[in-house]
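> return atomic coordinates for the entry below.
(chains A, B and C)
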Amino acid sequence: MEKKKRGLRFYADIYRKILVQDLKTKMSYRADFIISTIGMIMVNLSGFITFLILFRNFPTINGWDYYHMLFLYGFSLVALTPVQCFFDNNWNLRFQVTSGDFIKYCFRPVNVFFYFMSEVFDVKGLGQLAFGIGTLIYAWIHIGIPVTPLVIAKLIVFLITASLFMIALMNAAAATCFWIRNSGYVMVIMFRFKDFAKYPSSIFSGIFKFLFTFIIPIAFIAYYPSLVILDPSNVPLLSWLSPLLGVLFFWLSYTFWMLGVRKYDFTGS
Amino acid sequence: MEDQALVMKNVCKDFKVLNRHEGLKGSIQDLFSRDYKTISAVKDVSLEVARGEIIGYLGPNGAGKSTTIKMMTGVLEPTSGEILVNGKVPYKNRTENCENIGVVFGQRSQLWWSLPLIESFKLLRDLYMVPQAQYEEMIELYRSLVDIEPIINKPVRQMSLGQRTLSDILAAFLHNPTIVFLDEPTIGLDVSMKDKIRALIKGLNKEKNTTVILTTHDMGDVDALCRRIVIIDKGMKIYDNDIEHLKGYFGSYRTLHMKLADDTWEQMLIDEKTTDVMQVITEKQKVTKIKDIRLEEISTEEVIKKIYEGEAV
Amino acid sequence: MNPRKVFALTRAGIMESLHYRLGTFVTLFANLIYLVLVYYLWKAIYASSGVEVVNGMTFTDTMIYLILATSLFNFLEMFVVWDMSRSIQSGKIILDLLKPLKFRTYTFWSYSGSHVVSFIMTFIPTFIIVMIVTKGAIPIGLNLVYFIISTVFALIVNFNIEMIVATICLYTESTWGINIVKETIVLLLSGASIPLAFFPDKLRAVVEYLPFRAVYDVPLTILLEKNGTDTLQGLLPVFGFQILWIVILTAAGTLFWNYSVKKITVNGG
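Presented below is the predicted three-dimensional model:
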């Protein structure tokens, strides 16, 4: 029997095909789509209102003024889009693991992680993306950052970098369900941690600075990557290293997730 | 060796579980407890299955059937012993193993819930990299075996349980695997659907020479499909041979059906070595009138029941 | 509902919650990390503003308020909406409706056990840590008793909101959307994301009358003895506010539920 090769192109192709089918069926649930979109708008609106209320009372935070903070906010929203769009099935993981349904992902000749994630593409994330881009552009204009191809290229690279950290966090949080039965809180709390990504991580000190940089890397979801754009003359080493660290964190979370799959005894049936 | 689709040698599987205590106080104790116990789900099971064979893999609930299936499919690693599926260790080559097996779990669909069946088939074709010609040939074969028109364009979520099971079985055979595992494929289905599904399995097995490992509690499945059965109880293999051979052990058993005065049928299992059939009838006649009598050989169902109940083979 | 049944349901809930032992520790740990985040963020915010008191709230007040709000959030978090939507999809709802207890009452008491556990396992430790960190900034006296009473009221208000939203799920499959709208509104308008004291006056005037305030803001205001709640005259209107909303929401929720169930049974579910 010849060995079939499944490379990157195969996976990209499969993902595209599943996505197309998924979108087709989503279109048929219009009410759900509308309500979810409203929900997503509410979430972003509420975040924005909180932000405005905060700045009404306190004009600067740790030397960051309104527009710089807004930039950070927009940056974090865009960086959080991939986890919302492509990795949303993580939220279903614990239910499928407890009920035993998860086993079906193990019977296909493809990567379990890929197969599981491919099942859900969350369209709602796109609303957040639009909101984030809008905020980012608004802040960008007010700060007066020059628009050059190099800056745009940097922005894209570091946005992708930033998104890897959030994906890693949610993968790790979701994977705890292989060991802990009611891991719902872990995910909820991790998801709330991201709210702190939009503040400059210079507010932390000591051991907690280390914790929020290297263990629960929320400092990388917006702060470090965005410094490359915001403060080009004074970029810390960690900002330059963030793409590498992003890949590392993603890989670690993936390994942890897959370890869970292997360790789990599938007794749900 | 190459003729064997599946080989298991002295396979064991242990699980470590927390020893839980009873009551509210026990629950609080368990919070800090390190008291684990080991449970042996599968104990020293050896098995060989030839290509093209359909075997019935039977056992009471909790006997270790699904644990074994999970090990054969590469999802679980055996604690000790060796498993070879198509000559390869499934756990170490999970992806490769998956290319050559198909799995159906009676109650849970593995298809894309909201997609029409044909779209699921197309996605599976791509996932398994099935050549287009082979795919079309398979669909043709399906058409010849069952009427797939009513379900082919239906989303799985709108199907009845029977249609869903049918779809799952078709999907499991789509990439022409060498072994298909069917876990209670007819559970919860009506009689005519059961027949349809059995005929389909038999047809696919014949056409494609696919090995089928069938776990079920429905002896109708066994009678219709399997010549050989393997019985496992408390993790140990207690029987592995032809059904006929098994029935031979209980050759002296007869099922006696009696139609009583009120037109109800009463049945009784009688061992002719120890009990005289005529005697039983005479005794019964003293109490009530018997309108009709039928004497049958022991059914598979009753044989299996006897074995589960601990009758030695 | 007789006391024996109540006790049985609560006891079962406690045992089930303890069953997930690792989850309990993880929740507590995650709470502590969240506490650290809130601490650093608001320390930086107050340090940047250069004043001690903003809108009647000191740094310590704000911190206690937000951390305990989060802790209350974990404690009050009920997955009624999710449970409901899952049991509708699986058809289990029919079995639940057949149980010899009123469905609403049954749901309430089956959550009571996990409330007790999370109050003891997560809220009290968090409370003690906050007390130590803020070196006695939380007034200790009768206010603790009032706080507990008010928390029980908050729990009932929250349950009613959950139940009303869960009832909406009988009509639509869009659980995610419905739930996120609810969560966002409750978190923002109850003061859990940012203390109500910081809200602009006009917005605040509206929020004052909405039921969401009864969930987080009221118990925490009582605990911190703000807005004159240290006197009986100040306390009574606040309790009155909670009780009024309990009556309104319970009546509305029961009517809505009974009406919906009838409609659904008629339609054949």
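
> give the next helix or strand downstream of the helix or strand that C:Ser71 is a member of.
Per DSSP states H and E: C:Ser71 is located in helix C:59-76. Using DSSP H and E, the helix or strand that follows helix C:59-76 in sequence is helix C:80-90.

> residues in contact with that following helix: which ones?
Under the contact criterion Cβ atoms under 8 Å, 6 or more residues apart in numbering or on different chains, helix C:80-90 has outside partners A:95, C:92-93, C:96, C:107, C:111, C:159, C:162-163, C:165-166, C:169-170, C:173, C:175, C:178-179, C:182. In short, each C-beta sits where N, CA and C put it, glycine included.

> do that again at 7 Å, thanks
Contact with helix C:80-90 is made by C:93, C:96, C:107, C:162-163, C:165-166, C:169-170, C:175, C:178-179, as judged by Cβ atoms under 7 Å, 6 or more residues apart in numbering or on different chains.

> ditto for stretch B:218-229
Counting by Cβ under 7 Å, 6+ apart, B:53-56, B:58, B:186, B:194, B:198, B:201-202, B:214, B:216, B:239, B:241-243, B:246, B:300-301, B:304 sit against stretch B:218-229.

> buried stuff in that stretch?
Buried residues in stretch B:218-229, defined by neighbour count with 16 or more other Cβ atoms under 10 Å in any protein chain shown: B:218-219, B:221-222, B:224-226, B:228-229.

> which of the residues you listed lies closest to B:Thr264?
Of all those, B:Met219 has the smallest distance to B:Thr264: 23.1 Å, by Cβ to Cβ.

> let me know the distance separating the closest one from A:Lys4.
Per Cβ to Cβ, to the nearest Å, B:Met219 is found 39 Å from A:Lys4.

> make sure C:Val51 is indeed in a helix.
No - under DSSP: H, G, I helix; E, B strand; the rest coil, C:Val51 sits outside any helix and is assigned coil.

> mind checking pLDDT for it?
With respect to pLDDT, C:Val51 scores 83.

> report the rounded mean pLDDT for the helix or strand hosting C:Leu95.
Using DSSP H and E, C:Leu95 maps to helix C:92-98. Across helix C:92-98, the average pLDDT comes to 72.

> now it: buried residues?
If you call a residue buried by 16+ other Cβ under 10 Å, then helix C:92-98 has these buried ones: C:Ile93.

> tell me if it is near chain B.
No - residues of helix C:92-98 are not located near chain B by Cβ under 7 Å from any Cβ of the partner chain, the shortest gap being 14.5 Å.

> need the next SSE after that helix, C-terminal direction.
helix C:103-118.

> and that next one, what does it pack against?
Counting contacts by 3 or more Cβ pairs under 7 Å, 6 or more residues apart in numbering or on different chains; DSSP states H and E, helix C:103-118 is packed against helix C:3-19, helix C:59-76, helix C:142-168.

> for the helix holding C:Ser71, what is the distance to the chain centroid?
11 Å (Cα atoms, centre = their mean, to the nearest Å).

> what ranges do the helices span in the stretch 101-250 of chain A?
Along the stretch 101-250 of chain A, counting by DSSP state H, counting those that start in this stretch, helices occupy A:112-118, A:125-143, A:149-175, A:184-193, A:206-210, A:223-230, A:237-263.

> deepest-packed of those helices, please.
When these are scored by mean count of other Cβ atoms under 10 Å in any protein chain shown, the highest mean neighbour count falls to helix A:223-230 (a mean of 24).

> pLDDT on that one, on average?
For helix A:223-230, mean pLDDT is 93.

> next: stretch A:187-195.
For stretch A:187-195, mean pLDDT rounds to 83.

> stretch B:202-216 too?
Average pLDDT, stretch B:202-216: 93.

> kindly report the same for stretch B:108-126.
90.

> could I get the buried residue list for it?
Within stretch B:108-126, the residues scored as buried using 16+ other Cβ under 10 Å are B:109-112, B:114-117, B:119-121, B:123-125.

> got it, and stretch C:249-259?
If you call a residue buried by 16+ other Cβ under 10 Å, then stretch C:249-259 has these buried ones: C:249-250, C:253-254, C:257.

> report the helix or strand with the lowest average pLDDT across the chain.
Picked chain A for this. Each helix and strand of chain A was given a mean pLDDT (mean pLDDT, DSSP states H and E); the minimum falls on helix A:184-193 at a mean of 81.

> if you could check chain B rather than the one you did, that'd help
helix B:23-30 (a mean of 67).

> next secondary structure after that helix?
Next helix or strand after helix B:23-30 toward the C-terminus (DSSP H and E): strand B:36-50.

> which SSE is immediately downstream of that following strand?
For strand B:36-50, the succeeding helix or strand toward the C-terminus, using DSSP H and E, is strand B:54-58.

> strands paired with that following strand, and their directions?
Here strand B:54-58 is paired, per DSSP bridges, with strand B:211-215 (parallel), strand B:228-233 (parallel).

> are any of the contacts of helix C:80-90 buried, and if so which?
Neighbour-count burial (16+ other Cβ under 10 Å) is assigned, among these, to C:93, C:107, C:162-163, C:165-166, C:169-170, C:175, C:178-179.

> for chain B, state which of those residues is nearest.
Proximity of the buried ones among the contacts of helix C:80-90 to chain B (Cβ to the nearest Cβ) peaks at C:Thr175, which lies at 15.4 Å.

> what about the nearest residue to the closest one once chain neighbours are set aside, how many residues nearby?
Of all residues not flanking C:Thr175 in the chain, C:Ser85 sits nearest, at 3.9 Å (Cβ to Cβ, 6 or more residues apart in numbering or on different chains). Number of residues near C:Ser85 (other Cβ atoms under 10 Å in any protein chain shown) recorded here: 22.

> cheers, nothing more for now.
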